[in-house]
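**Q** Fold the following, please.
(one chain, ligands or ions: 2)
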Amino acid sequence: MGFLTVEGVSHRFPGVHGGPPTEALSRTDLSVEDNDFIAILGPSGCGKSTLLRIVAGLETPTTGRVLLDGQPVTGPGPDRGMVFQSYTLFPWLTVEQNIRARGAARIRAALSEDAVWRHAATHRARARIG
Ligand SMILES: Nc1ncnc2c1ncn2[C@@H]1O[C@H](COP(=O)(O)OP(=O)(O)OP(=O)(O)O)[C@@H](O)[C@H]1O
Ligand SMILES: [Mg+2]
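**A** Ligands and ions are numbered 1, 2, ... in the order given. Predicted coordinates for the structure are as follows:
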């Protein structure tokens, strides 16, 4: 068992508006030792970000579990950091305001990366329209 252990983790997103569900990640096993530096490679859409979000505790896997130092991951924690693939700051706020944004971590957990991006794009469009 590694420092980080991914055991039989898979993830399925439910379909929206009656559409079919998305099998985002097939059953995956992974063992990472302390101080390992690893890269996860694969074509777009194969589930890399989904796996990272599960390890970060931002997504609950459909099957399997993640252990960090022997303890199950049940949510985000200060023991893990994640650099998101897309924008997760609020571009209309200053750096200080971003830091001060209360509950920003919870907002980040609740909104998908894409939702944050859409929100920012909407705000920029509104700002242009005036
Ligand atoms: N919140 C979501 N709801 C529904 N489907 C999703 C969601 N997030 C990702 N997916 C789908 O799950 C699959 C895996 O997406 P994921 O973002 O994990 O892929 P990826 O390997 O990181 O791709 P890329 O290399 O483009 O970043 C894709 O089909 C994607 O459209
Ligand atoms: Mg990705």
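
**Q** Map the structural domains onto the sequence of this structure.
**A** Domain segmentation of the chain under automatic domain parsing yields 1-78, 84-130.

**Q** Of these, which stretch is the most buried?
**A** domain 1-78 (a mean of 14; mean count of other C-beta atoms under 10 Å). (C-beta placed from N, C-alpha, C; glycine too.)

**Q** Report whether that domain contacts ligand 2.
**A** Yes - using C-beta under 5 Å from the ion, we find that domain 1-78 touches ligand 2 at 48-49.

**Q** Next one: that domain, is it in contact with ligand 1?
**A** Yes - with C-beta under 6 Å from any ligand atom as the criterion, ligand 1 is reached by domain 1-78 at 13, 22, 24, 42, 44-50.

**Q** so where do the strands sit in this structure?
**A** With DSSP state E, the ranges of strands along the chain come out as 4-13, 22-32, 63-68, 71-72.
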